[in-house]
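sharing a model that was predicted from the sequence below.
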Amino acid sequence: MEGKGRGVVATRDFKPGEVVMATPPLALVTSEVRQRPDGELVVDSILDRRLYGSKWFSVLYDGSARSCKAALSYAPEEAATDSEDGRPAAPPEPLLASTSAPAKAAPAAAAAAAPKKKGFLASRGAAGRKAGGKGAAAAGSAEAGAAAGAAEGGELPVPDRREQTRLAKVVKFNCFGDDAEDLAGCAARGEEPRGHIGLWPEFAMLNHSCCPNTVNYVVCGSMVVRAVAPIQRGEEVTICYLGRPQLLPYNKRIAILADDYGFECSCARCEAEQAHVDKLDDAFLEFHEELDERLGPAFMEARAMGDNEAVEEVAEAVAAGLRKLYNLFRKTLIAPDVRQYYIASMYDAYDLAFSCAAALGRGEDGSALQACLKSMEVVSAGSDLHALLAVRHHDHVLATHGPDSPLTALARSALRRAHVARYGAVSEQVLERLVELNRKLHLQEADVADASAAPAAGGAAAAGAEGADAGPGGASA
Ligand SMILES: C[S@@+](CC[C@H](N)C(=O)[O-])C[C@H]1O[C@@H](n2cnc3c(N)ncnc32)[C@H](O)[C@@H]1O
C-alpha cells in the first residue's frame, strides 16, 4: 500500500455488518478484571511458550521500513489447516452463537511479575492507559502448535538479546488490547467481560484510518473485524489504531500517530481537515484545550458541589465556543462532508454541552446528543459508544415526540444501523435483545457517572464505553 507498507485489500464486496475477518490469536493474555493487561505480558507469554518459532515473527512489522516491505505469502485456505504458525486450525466461535466460556488460560508466572512500562500502546483512551495486569492469564491461542511442540522437545533455542528486542518491537507495533470484550455480547453469552491483550497476526496487517471502514473487537478470543460501510472489492480494509483519541482534532491525532506509531496519517479525514488547517486548526485547538484544561474540570467540580450557577457558566462557555466555530465554518466555505469530520473532532464539546444540560435537569433539545451520534456515524461506526449513543438518542426522541413521529422512525433507523454495524445483520429478535442489553448498560454507567459526578452524556453516555474501539498495533490497538 502506497506509503504504508503492506495492507489488507477486500477480495470481494462487503456490506455494513458483514464479517471481513475473524481470526484466532497467536498469543493472548486475559485479565479477570475489566482492565487491559500490560503489553509486556504478551512478550512473556510468547517467550514462555516458545511461540517465537512461528513463521509470523519473520514477517510482522518491527518498526523498520525493511520489515514493512517483507514479502508475505499468505493463503487463507491453507491457514485453516496449517499448524506451522503455532496455532490450531479451530474456526473462531460465531458471535452470540456460543454459550461456552473461552478456553481456560494457564497462569503466566513471569507475566504477573512483569514491570509496567509507560507508553506501550499509550494512545488508547484514558481507561486503556492505566493498563495493569491484575489477574492476568496467558494463552498461546490453543497453547499448542508446532512452535510450542518443538520447544518442548528442546529444539527451539531461546532467542538472544537482539532477537528479544525485535520480538518486543513486533509486539509493540502489532498487538491489540482492550479493557473488556463487547459488554452486550458478553451479557448475551452469560460471560464476564475481561481485559485482554494479544497478537492476531492477520489482523496486524490492517493499516490505520481516522475514519475506518471496519470495527473490530474480540469475541471468545478471536478477533472479529466487521465492515461498517460498504467496502468494494479491491478497496483497502482499514481499522483505527487510536481508541478514544480518534475523536480529537486533526493536529492532536497526527501527533499521537507520529509519536506512537511513527507514520504520518493521510486518510480521507486527515486530508480533508488538513486542507483547512491554516484557517481552522488554531481555533479548534484553542477551544479543545479550553475544554480539556478549564471547562471539563470546572463542570466536574460544579456538578460535584451541586453548583448549578457554575454549571450554567460552563454550558454558556461551551455554547459560545461552538458558535464561534460555526461562524468560522461559514466563512471558510467547508463542504458538508468535511464539516462532519470537524463535528467528530469536536466530540468533547458536544459531550460536555449534553452533560451540562443533563446536570441542570433541563431535558435538553437533543441537538448535542444528535451531534455526538453523528460523530460516531461518520468516524466511529459500530463502536460500543456508537451503539450506546444510538440507544440513548432513540429513547430521547421517543420520549419527546412519541412512537408515531417520523423523527422516532429516523432514530429507530439510526439505532438499527449502529447495531448492524457492530453485531451484523442479526434477526429483529436478536437486535431487540442487544438494544435492551445496551440500554441496561447505558443506565448502569449513567448511575456510576452520577455517583462519581462524571459528565452524563457521552463521556457521559460513554462512561463505560471506550469510544472508538481501538485497532492494532502499533496496532494499538
Ligand atoms: C500493525 S502494522 C500494519 C501493517 C504494516 N503496514 C505492515 O506492512 O506490516 C502498523 C504499521 O503500519 C504502518 N501504517 C499503518 N497505517 C498507516 C497509514 N495510514 N499510513 C502510513 N503507514 C501506516 C505504520 O508503519 C504502522 O506502524
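The structure has been received and is ready for your questions.

now the helices: where do they sit in the stretch 201-350 of the chain?
250-256, 268-274, 277-290, 296-305, 308-332, 336-345, 347-359 (DSSP state H, counting those that start in this stretch).

just name the most buried of the ones you listed.
Of all these, helix 347-359 has the most neighbours on average by mean count of other C-beta atoms under 10 Å, namely a mean of 26. Every residue, glycine included, has its C-beta placed from N, CA and C.

so for it, mean pLDDT?
Regarding helix 347-359, the rounded mean pLDDT is 90.

begin at 20 from here
In the new count, where the first residue is 20, that last one comes out as helix 366-378.

the ligand contacts on the stretch 20-169 of the chain?
Contact residues, the stretch 20-169 of the chain versus the ligand (C-beta under 6 Å from any ligand atom): 22-26, 80, 87.

and of the helices of the stretch 220-369 of the chain, who's closest to the ligand?
Taking C-beta to the nearest ligand atom, helix 287-293 is the member of the helices of the stretch 220-369 of the chain nearest to the ligand, at 8.6 Å.

is the closest one in proximity to the ligand?
No. Helix 287-293 lies out of reach of the ligand by C-beta under 6 Å from any ligand atom, never closer than 8.6 Å.

with adjacent residues omitted, what lies nearest to A89?
Nearest non-adjacent residue to A89, counting by C-beta to C-beta, 6 or more residues apart in numbering: V78, 5.0 Å away.

swap in V333?
With C-beta to C-beta, 6+ apart as the criterion, V333 has its nearest non-adjacent residue at 4.6 Å, and that residue is F318.

per-residue pLDDT, that neighbour?
Here the pLDDT value assigned to F318 is 96.

residues touching it, list them.
330, 333, 371, 374-375, 378, 474 (C-beta atoms under 8 Å, 6 or more residues apart in numbering).

and it, how far is that from A363?
As for F318, its distance to A363 is 21 Å (criterion: C-beta to C-beta, to the nearest Å).

got it, and G58?
Counting by C-beta to C-beta, the gap from G58 to A363 is 28 Å.

flag the shaky bits of the protein, pLDDT-wise.
Within the chain, the segments meeting pLDDT under 70 span 93-154, 158-174, 382-384, 464-496.

end to end on stretch 232-244, go ahead and measure it.
End-to-end distance for stretch 232-244: 10 Å, by C-alpha to C-alpha, to the nearest Å.

chain center to it: distance?
Distance, stretch centre to chain centre, for stretch 232-244: 10 Å (C-alpha atoms, centre = their mean, to the nearest Å).

can you add distance to L462 and give the helices of the stretch 220-369 of the chain back as JSON lines?
Output for the helices of the stretch 220-369 of the chain, formatted as JSON lines (distance: least, C-beta to C-beta, whole Å):
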{"stretch": "helix 269-275", "distance to L462": "32"}
{"stretch": "helix 287-293", "distance to L462": "32"}
{"stretch": "helix 296-309", "distance to L462": "30"}
{"stretch": "helix 315-324", "distance to L462": "19"}
{"stretch": "helix 327-351", "distance to L462": "22"}
{"stretch": "helix 355-364", "distance to L462": "26"}
{"stretch": "helix 366-378", "distance to L462": "13"}
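
tell me which of the ones you listed lies nearest to S92.
S92 sits nearest to helix 287-293 of all these, at 30.3 Å, using C-beta to C-beta.

put the alpha carbons of that closest one into PDB.
The C-alpha coordinates for helix 287-293 follow below in PDB (Å, rounded to 0.1, in the frame of the first residue of the first chain):
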ATOM      1  CA  ALA A 287      -9.500  10.900   3.900                       C
ATOM      2  CA  ARG A 288     -10.400  12.600   7.200                       C
ATOM      3  CA  CYS A 289      -6.900  13.900   7.800                       C
ATOM      4  CA  GLU A 290      -6.500  15.100   4.200                       C
ATOM      5  CA  ALA A 291      -9.900  16.900   4.400                       C
ATOM      6  CA  GLU A 292      -9.100  18.500   7.700                       C
ATOM      7  CA  GLN A 293      -5.500  19.400   6.600                       C
END
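
contacts made by that helix with the rest, please.
Applying C-beta under 8 Å, 6+ apart, the external contacts of helix 287-293 come out as 228-230, 268-269, 272-273, 299-300, 356-357, 360-361, 363-364, 398.

and the host helix or strand of A428, what does it pack against?
Counting by DSSP states H and E, the element that carries A428 is helix 425-442. Under the contact definition 3 or more C-beta pairs under 8 Å, 6 or more residues apart in numbering; DSSP states H and E, helix 425-442 sits against helix 386-398, helix 403-420, helix 447-471.

repeat the analysis, applying 10 Å as the threshold.
Here helix 425-442 touches helix 202-208, strand 233-238, strand 241-246, helix 386-398, helix 403-420, helix 447-471, going by 3 or more C-beta pairs under 10 Å, 6 or more residues apart in numbering; DSSP states H and E.

for the fourth one, what is the distance to the chain centroid?
Meaning helix 386-398. Worked out by C-alpha atoms, centre = their mean, helix 386-398 lies 17 Å from the chain centre.

tell me what angle that helix forms with helix 355-364.
Orientation of helix 386-398 against helix 355-364 (axes from the mean of the first three to the mean of the last three C-alpha atoms, to 10 degrees) gives an angle of 110 degrees.

can you state the direction angle for helix 386-398 and helix 327-351?
Here the directions of helix 386-398 and helix 327-351 differ by 50 degrees (the same axes, to 10 degrees).

before we move on, what about the second one?
Put simply, strand 233-238 runs at 140 degrees to helix 327-351, going by the same axes, to 10 degrees.

with the ligand in mind, check whether strand 233-238 reaches it.
No. Against the ligand, strand 233-238 shows no contacts by C-beta under 6 Å from any ligand atom, the least distance being 12.2 Å.

and that strand, which strands flank it?
Next to strand 233-238 in the sheet, as set by DSSP bridges, lie strand 241-246 (antiparallel).

next, the angle helix 425-442 makes with the partner strand.
Angle of strand 241-246 versus helix 425-442, following the same axes, to 10 degrees, is 140 degrees.

for the residue lying closest to D201 once chain neighbours are set aside, give its distance to D403.
Spatially, and ignoring its direct neighbours in sequence, D201 is nearest to Y236 (5.1 Å; C-beta to C-beta, 6+ apart). Y236 sits 8 Å away from D403, going by C-beta to C-beta.
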